[in-house]
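Colleague: Sequence plus predicted model, see below.
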Amino acid sequence: MKQQALDRTRFEEIEAYLLGRSSDPAQFEKRMAGDLDLREEVDVQRENMLAVELGGFSRTIAEIAKRNASADPVIGPAPLVRRATMVWVMRIAAGVALLLGIAWWFLARPDAYDQVFAEHYVVDPGLPVPMSATTDAAFHDAMVDYKMGAYPKAIAKWNALLVNDPQNDTLRYYLANAQMGEEHFAEAIQLYTGLATETASVFREKAEWRLFLAYVQMHDAEQVQSFKVVSGSPYAAEVSAIQELLKE
Amino acid sequence: MIQNSGSVSDAQDVFQEAITVLWLNVKEGRVHDETTSDPGAYLFRVAKNKWLDVLRSAGHKHSAPMVDEGRIPQAVDLADDADERLRRLQAVYSNLDEKCRAVLDQFYFERKDLATIALAMGVEEESIRTIKYRCMMKLRSLKHIIGGEQE
């Protein structure tokens, strides 16, 4: 790894990848595979972030232990007295249980963005598929895959249709939903962004709402806070409430 | 531990260390199935081994362990590796000044966003972003130094 300073843009790009906020992690991993220097930078940054987390974790449990100790300073060790010893054993056990709980909480906790996304994101159920669809058979075939959760198949089929019908808003909306289902957020954002500007599309408001949720999922605080919905959108209140919540 | 030459303070220190070892091992995915199914038992084994090490160390030459069943291998291997990593990581972190720690802790450990940190510290968001970058570059340069010394 080179010893010279790491460019800030590159640093933040690595940081976003390591924090799971990269807009295109697959592309980043592809670059890493062919770039030894980048791989080494990622390893160093991962290690440094771990050092910081470890520092924070150690500080937190030390503070908790200190608070516990000062909360009951009267009791002291009395090894020859069985009852007092039991009290100490129980206190330590309680302390351990508390620290364990905190340790697991820190490891498993979802952050505010993840919580908001989990609470508000609902998979679009898709369109009804007519039994005797003769028109748009290919579209409906992909819709069946979408409804079954077979998103890669649906994406492949709808992408093929999109080549000949790039302006079809129904196609783009459900393709975006399938991309969300497959956690291809960058692709979904691109499609929703296009739909959100089309005043004539019936999917405009829904696309706008899902675009907002995609930004939430990406932890993109800047986009979340600056997001504005069209006048009269049924999602305006929810967007506003989420923005306020994530400000805190 | 209390029945085996230790004080309450010793017990707290050892348990804190054991929990930190557990945290690091879980964080890095270096845990056995039995660890995840019963973290309390794992902690007990790590803590017990740590205390036996302390008793054998120079400061406790005159304290014979009451029960010395030897160290428990499975927990020890993971804990020893983690101990070494803990020391290295702590060495790097200890070189950060208070300002760096405050910003980096909040961003990477507490997972607060830049705007929240900026508000709490009464500065512009861009300043926090710059401080974060500079502090991480400081860690990066320390890593070079520590890595160089080890090699």
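Modeller: Arrived safely. Every value quoted in this text rests on a predicted model; they were computed, and no experiment measured them.
Colleague: lowest-pLDDT helix or strand in chain A?
Modeller: helix A:82-108 (a mean of 64; mean pLDDT, DSSP states H and E).
Colleague: same question but for chain B, I mixed them up
Modeller: Bottom-ranked secondary element of chain B by mean pLDDT, DSSP H and E: helix B:33-37, a mean of 57.
Colleague: Packing partners of the helix or strand following that helix?
Modeller: Remark: after helix B:33-37, the chain's next helix or strand is helix B:39-56, criterion DSSP states H and E. Here helix B:39-56 touches helix A:82-108, helix B:8-27, helix B:33-37, helix B:73-93, going by 3 or more CB pairs under 8 Å, 6 or more residues apart in numbering or on different chains; DSSP states H and E. All C-beta spots, glycine's among them, are computed from the backbone N, C-alpha and C.
Colleague: returning to that earlier point: for the next helix or strand after the least confident helix or strand of chain A, buried residues please.
Modeller: Downstream of helix A:82-108, the next assigned helix or strand under DSSP H and E is helix A:112-120. Of all the residues in helix A:112-120, those buried under the rule 16 or more other CB atoms under 10 Å in any protein chain shown are A:112-113, A:116-117, A:120.
Colleague: near chain B, which of the residues you listed show up?
Modeller: Here nothing survives when the buried residues of helix A:112-120 are matched to chain B using CB under 8 Å from any CB of the partner chain.
Colleague: how about these in a markdown table, adding pLDDT and distance to residue B:23?
Modeller: Converted to a markdown table, the buried residues of helix A:112-120 look like this (pLDDT from 0 to 100; distance: CB to CB, whole Å):
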| residue | pLDDT | distance to residue B:23 |
| --- | --- | --- |
| A:112 | 83 | 22 |
| A:113 | 87 | 23 |
| A:116 | 87 | 26 |
| A:117 | 89 | 26 |
| A:120 | 88 | 31 |
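Colleague: Let me know the closest of these to residue B:9.
Modeller: Closest approach to residue B:9 among the buried residues of helix A:112-120 (CB to CB): residue A:112, at 37.2 Å.
Colleague: so that closest one touches residue A:246, yeah?
Modeller: Yes. Counting by CB atoms under 8 Å, residue A:112 does reach residue A:246; the two are 5.9 Å apart.
Colleague: any residues in contact with both of the two?
Modeller: By CB atoms under 8 Å, 6 or more residues apart in numbering or on different chains, residue A:112 and residue A:246 have no common neighbours.
Colleague: now the angle from the helix or strand residue A:54 falls within to helix B:8-27?
Modeller: Using DSSP H and E, residue A:54 sits within helix A:36-71. Helix A:36-71 runs at 150 degrees relative to helix B:8-27, counting by axes from the mean of the first three to the mean of the last three CA atoms, to 10 degrees.
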